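Asker: quick one, what's the 3D model for this:
(one chain, ligands or ions: 2)
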Amino acid sequence: MAKPKPQCRCGGKTVYFRAYNGESLCQTCFNESIFEKVKKTISKYGMLKYGDRVGMALSGGKDSTSLLHIMSKIVKGHASELLAITIDEGISGYREESIKNAEKITTELSIPLFVKSYSDLFGISLDEAMEVRSEKSLKITSCGVCGPLRRRAIDKVAEEAGVNVVATAHNLDDILQTFYINLYSGDVERIAWLDPEFRPILNHFAARRIKPVMEVYEQELAFFAYLNDLPFQSESCPYMNEGIRTEIRLHLNELERKHPGIKYSTFRTVMAIAKGVDGAEGSSGKGASRCDKCGAVSSGSICSVCQTLSLIN
Ligand code: SF4
Ligand code: ZN
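Answerer: Residues are numbered from 1 along each chain as shown. Ligands and ions are numbered 1, 2, ... in the order given. Below is the predicted model:
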């Protein structure tokens, strides 16, 4: 196995060792490599078109803060517009810091920021929803409540802000974790959703969904934020350890530590499976159905948002 070298190929001082391909990189070459990787992903999947109005989902964490920084440079070359969307779930003691960071970085980069809360949009904060969960002894995880509401919240703000593209900072690790969660729960349809060219998403959502850092390791995005001194939230969400995601994350990190590059090869397999499921007979028809209550794109007759709201209200 390759070992870190004190100097980068350009002669600069090594700040990062990329174990999966044996590269030792200085700050400039590391940054360049991340930009290049994101540009390649964007071009491979035709994620950006000239004149797009892109709404970037900015949580204020390391991934979305890094992506905003990267997108602010890339979007200019596409003569597109970029704005940021921050959703306040209503998690006391946690969200306040990340909203401040989101305000700071968007001001620095002169990017308009739209902030909306669950309370504004759904009449209930996540903390309140969690109280209802305890009172009613509901068997649902906090992320199971929060995830659908956030996706819908971003849709609503995107519509208000008139964007035609929504960019999220899902990284390679997020994609793998989501794959395993769906694999273990038997949700085959949602595995198809991981395909960046999933047809129902392309055909039925008003705004195109893009994940420009889907081929970048989480660890490298975090390092990018740190290296470039970006303001990002250090605290983790107090609810994050309730679901199985953290266990899968730790397991994949352990595998990667022992077998550098295993996440990449798994990622390629996941993309092939997602495409296969997407292309399978009947899959796109099922994914393209609409919720009977709110009319949103849904994989069942009632969407996950309407199901969640009826539980917690
Ligand atoms: Fe919401 Fe779960 Fe993320 Fe916390 S970790 S913000 S509960 S999705
Ligand atoms: Zn619905």
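Asker: any chance you could map the strands in this protein?
Answerer: When assigned using DSSP state E, the strands of the chain occupy the ranges 16-18, 23-25, 53-57, 81-88, 113-117, 165-167, 208-210.
Asker: partner strands of the third one, with direction?
Answerer: To tie it back to what came earlier, the one meant is strand 53-57. Sheet pairing of strand 53-57 (DSSP bridges) gives strand 81-88 (parallel), strand 165-167 (parallel).
Asker: mean pLDDT for those - can I get that in CSV?
Answerer: Putting these into CSV (pLDDT from 0 to 100) gives the following:
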stretch, mean pLDDT
strand 81-88, 97
strand 165-167, 96
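Asker: wait, which of those strands is closest to ligand 1?
Answerer: Distance to ligand 1, taken as CB to the nearest ligand atom, is lowest for strand 81-88 among the strands paired with strand 53-57, at 9.1 Å. To be clear about C-beta, it is placed using only N, CA and C from the backbone, and glycine gets the same treatment.
Asker: next, the buried residues of that closest one.
Answerer: 81, 82, 83, 84, 85, 86, 87, 88 (16 or more other CB atoms under 10 Å).
Asker: would you mind measuring from the first one to ligand 2?
Answerer: It stands for residue 81. Distance, residue 81 to ligand 2, using CB to the ion, to the nearest Å: 30 Å.
Asker: in TSV: the strands paired with strand 53-57, plus distance to ligand 1.
Answerer: Output for those, formatted as TSV (distance: least, CB to the nearest ligand atom, whole Å):
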stretch	distance to ligand 1
strand 81-88	9
strand 165-167	17
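Asker: output the ones you listed as CSV; include the columns distance to residue 249.
Answerer: Conversion of the strands paired with strand 53-57 to CSV gives the following (distance: least, CB to CB, whole Å):
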stretch, distance to residue 249
strand 81-88, 22
strand 165-167, 22
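Asker: tell me which of these sits nearest to residue 3.
Answerer: With distances scored as CB to CB, the stretch of the strands paired with strand 53-57 nearest to residue 3 is strand 165-167 (36.6 Å).
Asker: residues in contact with the top helix by length along the chain?
Answerer: When the chain is parsed with DSSP state H, its longest helix is helix 142-161. Outside helix 142-161, the residues within contact range by CB atoms under 8 Å, 6 or more residues apart in numbering are 55, 57, 83, 85, 87, 89, 114, 116, 118, 121-122, 126, 129-130, 133, 166, 168, 205-207, 239-240, 242-243, 245, 296, 303-305, 307-309, 311-312.
Asker: select only the buried ones of these in ChimeraX?
Answerer: Only the buried entries of the contacts of helix 142-161 go into this ChimeraX selection, using 16+ other CB under 10 Å:
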select :55,57,83,85,87,89,114,116,118,122,126,129,130,133,166,168,207,239,243,245,296,303,304,305,308,309,311,312
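Asker: so which of the contacts of helix 142-161 reach ligand 2?
Answerer: Applying CB under 5 Å from the ion to the contacts of helix 142-161, one finds that 296, 303 fall near ligand 2.
Asker: what bridges to the closest residue to residue 223 other than its chain neighbours?
Answerer: Excluding the flanking residues, the one nearest residue 223 by CB to CB, 6 or more residues apart in numbering is residue 16, at 6.1 Å. Taking DSSP bridges as the rule, residue 16 bridges to residue 25.
Asker: and the residue in the stretch 151-300 of the chain positioned nearest to ligand 1, what does it touch?
Answerer: Scanning the stretch 151-300 of the chain for proximity to ligand 1 using CB to the nearest ligand atom identifies residue 237 as nearest, at 3.1 Å. Residue 237 sits next to 91, 94 when contact means CB under 8 Å, 6+ apart.
Asker: also residue 20?
Answerer: The neighbourhood of residue 20, defined by CB under 8 Å, 6+ apart, consists of 256, 260, 261, 263, 264.
Asker: quick one: buried ones out of those residues?
Answerer: Restricting the contacts of residue 20 to buried positions leaves 256, 260, 263, 264, with burial counted as 16+ other CB under 10 Å.
Asker: now distance to residue 176 too, for those residues, in a markdown table please.
Answerer: Below are these laid out as a markdown table (distance: CB to CB, whole Å):
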| residue | distance to residue 176 |
| --- | --- |
| 256 | 10 |
| 260 | 15 |
| 263 | 6 |
| 264 | 10 |
